[in-house]
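Trainee: Sequence and computational prediction follow.
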Amino acid sequence: MSIKTRIPTKRYGFFLGSFLITLLLYIDRVCISSAKDSISGDLNLNDIEMGWVLSAFALGYALFQVPGGALGDKYGVRKVLTSIMVIWSIFTAITGLAWNYISMLLARFIFGAGEAGAFPNISRAAYSWVPLKERGIFQGINFSGSRLGAAFALPLVAYLIDAWGWRSIFYFFGALGILCAVLFYFLFRNKPEEHPSISEVEKEFIVKNRQQEKETLNESLPLGRIFGSKNVILAMIQYIGSNFIFFFTLTWLFPYIKAKYDLNLVTTGFYAMMPLLAGAVGNWVSGFTVDAIYKTGKWKASRQIPAIIGFCLVVTGILSSLYMDTPLGAVLCLSVAIFGADMTLSPSWSFCMDIGKEHSGKVSGMMNMAGNLGAFTTALAFPYLQSWTGSNDPFFFVAAILGVVAIICWIFMDSTKPILDEN
């Protein structure tokens, strides 16, 4: 029996835990899309006002990415991520208490700020827990949780709204989040070396095969140095392209196809879940591809090739959807686009760990901040462009152009150059 087959796999519990956290994260996030009509009716909001409600989440989420990641780098993921889960769960519940436009805006902004540090902290934990050769599939599994959570939440929440009313949905998922935060605190440790359930053999395997810290461990990484990195700037720009089209599926896709094709609530939910399921598959495919190419010794290409293929699919799927006359045809084309967009996630977050190393929480937070400023734009661009032009087509053309820009960015990104060594 080879040494490889004798290595225990308790670390996969961390993989599962991150998957479940992102599952819940996106269930809480996407509830408002299914509840859009009910909320608009109760609070007397038009589409432009709902656009600002949806974008308030993205703005709070974007602005607190770097602080959330930096806190995880400094104080440890266990304490910080537990606090993040508690905060976002409280404001999930508070969303159900909103009584007018302003209260809903504030609730969604703080909810977004609360969720902000989740992915950067998971990324920082992965730096310590995940061997380099498993980094791609970890990111694929991790982000597929978010897609599956959103996909199944859309029809589920649509059904529960009919049964419970929209406010009760937010109370229920808020309480569930608090429970998950408590479980996370008791089950997780910042490093495998600290976890009592991990054997010495597996600890040695992880430490030996994860990305190694150098003597620069205690060297600070100020924001000015991050912004001075060509790698970081390119990563930020390409992530805007990824998030711009994906955030559409979380916000406007549901009401868009419901209104355009005159569908009922539950039928719309099943159509809207298709691109998200495609995204989950895209994450798995990308994760396996990243690791397979990395194992051939082509570190740089293992990040570039899946991402470039993904953005090519984004452009193709978006433009094709404009020529579809049925909800199924349009949704299938958008599923190709989201499959492609999610193919870019594993290489993007692996790239941040590659170049950020022990500062990967802050670096990934910077990239995610930029991406979610793109999401903020999405939530507003869709209703405003439709209002200005009388058509939804300009929104999709903008998304396709951003996909082309992202392809160019990836051509010049180099994962083998850490920020502290870049110059």
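Mentor: Cool, got the structure. Residues are numbered from 1 along each chain as shown.
Trainee: how about the helices of the stretch 301-423 of the chain, start to end?
Mentor: 327-343, 345-356, 360-389, 393-411 (DSSP state H, counting those that start in this stretch).
Trainee: Would you mark the buried spots in the longest one?
Mentor: To tie it back to what came earlier, the one meant is helix 360-389. Residues of helix 360-389 classed as buried by neighbour count (16 or more other Cβ atoms under 10 Å): 360-386. Bear in mind the C-beta positions are built from the backbone N, C-alpha and C, glycine included.
Trainee: same deal with the shortest one?
Mentor: Using 16+ other Cβ under 10 Å as the burial criterion, the residues of helix 345-356 that qualify are L345, S346, P347, S348, W349, S350, F351, C352, M353, D354, I355, G356.
Trainee: correct me, but G140 touches S346?
Mentor: Yes: in this structure, G140 sits in contact with S346. The criterion is Cβ atoms under 8 Å, and the distance is 4.8 Å.
Trainee: who touches both of these two?
Mentor: In the contact map built from Cβ atoms under 8 Å, 6 or more residues apart in numbering, the residues linked to both G140 and S346 are N283, S286, G287, V290.
Trainee: The first one: helix or strand, and which one exactly?
Mentor: Element membership of N283, judged by DSSP states H and E, is helix 265-294.
Trainee: Show me what that helix packs onto, helices and strands only.
Mentor: helix 12-34, helix 135-164, helix 230-251, helix 253-260, helix 299-321, helix 327-343, helix 345-356 (3 or more Cβ pairs under 8 Å, 6 or more residues apart in numbering; DSSP states H and E).
Trainee: what's the model's confidence in it, averaged?
Mentor: Mean pLDDT, helix 265-294: 88.
Trainee: Would you mind giving the orientation angle of that helix with respect to helix 12-34?
Mentor: Here helix 265-294 points in a direction 150 degrees away from that of helix 12-34 (axes from the mean of the first three to the mean of the last three Cα atoms, to 10 degrees).
Trainee: Helix 265-294 versus helix 135-164: what angle between them?
Mentor: Our comparison of helix 265-294 with helix 135-164, counting by the same axes, to 10 degrees, yields an angle of 170 degrees.
Trainee: Tell me the buried residues in helix 265-294?
Mentor: Neighbour counts using 16+ other Cβ under 10 Å place 265, 268-269, 271-287, 289-291, 293-294 of helix 265-294 among the buried residues.
Trainee: And stretch 10-29, by the same measure?
Mentor: Residues of stretch 10-29 classed as buried by neighbour count (16+ other Cβ under 10 Å): 11, 14-15, 17-19, 21-29.
Trainee: just curious, which of these is nearest to E200?
Mentor: R11 (13.2 Å; Cβ to Cβ).
Trainee: Next, the closest one: phi, psi?
Mentor: Note on R11: backbone dihedrals following degrees, to the nearest 10 are phi -60, psi -20.
Trainee: What separation is there between it and A151?
Mentor: Distance, R11 to A151, by Cβ to Cβ, to the nearest Å: 27 Å.
Trainee: Ok, A341 next?
Mentor: With distances taken as Cβ to Cβ, A341 is found 14 Å from A151.
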